[in-house]
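Asker: output the structure for:
(one chain, ligands or ions: 1)
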Amino acid sequence: MERTLVLVRHGQSEWNLKNLFTGWKDPDLTELGIEEAKKAGARLQHDGYRFDLAFTSELVRAQHTLNLILEELGQTGIPIRYDIALNERDYGDLSGLNKEEAAKNWGEEQVHTWRRSFAVAPPGGESLRDTLARTLPYYVREILPEVLSGKNVIVTAHGNSLRALIMVLEGLSPDGIVARELETGRPMVYQFDAVGRVIEHKDLLA
Ligand SMILES: O=C(O)[C@H](O)COP(=O)(O)O
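Answerer: This next block holds a predicted model:
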């Protein structure tokens, strides 16, 4: 198996559990999040995946998820590149607020727009388009060349930094991405051909 890219959203975080907007804040995984990461690693191990290289963000929930997955794979020695480009979208002034309280304050529709639309940014934060503007160049410059060289790569990151990349990988429009949700700790596998086109993708643990 070569030219495989596996994307994994971090396991449940302490602020996911409290239903708080997180963005660039840096909570760690909950016990459930730890179990989710171990389960993802065990499934990748069971299905025979082996990785040459890993990428993750500068936030602990993604890094901890990666470490747990690599431990399950017995691959804790592979190179890991950490980059802010893979950080979650910045939720700005919403960071730390409860999502249900935010909906009461600003209305369900406004909060859903902030959370899932492509071009609308929350106050003081990033839209998904802003997030794409930093994750896509990083993917093209740093990740895709490794995959094209024949390597198998794993990336652990965040709900929205991965949704931005998935728009490109799955050819989703700004309308199409609205409904695309990513479960915590679920590996998404993309197989590429020799010219960098996705020829197959599947969600493990779906
Ligand atoms: O940053 C956060 O709050 C979560 O990682 C994702 O939040 P969302 O599901 O509201 O985008």
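
Asker: every contact and neighbour count from this point should use C-alpha atoms.
Answerer: Fine.

Asker: how about the helices of this protein, start to end?
Answerer: 14-17, 31-46, 60-73, 99-106, 108-116, 128-138, 144-148, 159-169 (DSSP state H).

Asker: residues of the fourth one that come out buried?
Answerer: Of the residues in helix 99-106, those scored as buried under the neighbour-count criterion (16 or more other C-alpha atoms under 10 Å) are Lys99, Ala102.

Asker: that helix and the ligand, are they touching?
Answerer: No: judged by C-alpha under 6 Å from any ligand atom, helix 99-106 makes no contact with the ligand; its nearest approach is 7.5 Å.

Asker: tilt between that helix and helix 108-116?
Answerer: 130 degrees (axes from the mean of the first three to the mean of the last three C-alpha atoms, to 10 degrees).

Asker: and helix 99-106, what does it pack against?
Answerer: Contact analysis of helix 99-106 by 3 or more C-alpha pairs under 8 Å, 6 or more residues apart in numbering; DSSP states H and E lists helix 108-116 as its packing neighbours.

Asker: would you mind listing what in the protein touches the ligand?
Answerer: Residues of the chain lying near the ligand (C-alpha under 6 Å from any ligand atom): Leu20, Phe21, Thr22, Gly23, Arg115, His158, Gly159, Asn160.

Asker: most neighbours of all the residues you listed, which one?
Answerer: Among the residues of the chain next to the ligand, His158 has the most neighbours (other C-alpha atoms under 10 Å), with 27 neighbours.

Asker: that one reaches Ala85, doesn't it?
Answerer: No: counting by C-alpha atoms under 8 Å, Ala85 is not a contact partner of His158; they are 11.1 Å apart.

Asker: how about stretch 103-120: buried residues?
Answerer: Val111, Thr113, Trp114, Arg115, Arg116, Ser117, Phe118, Val120.
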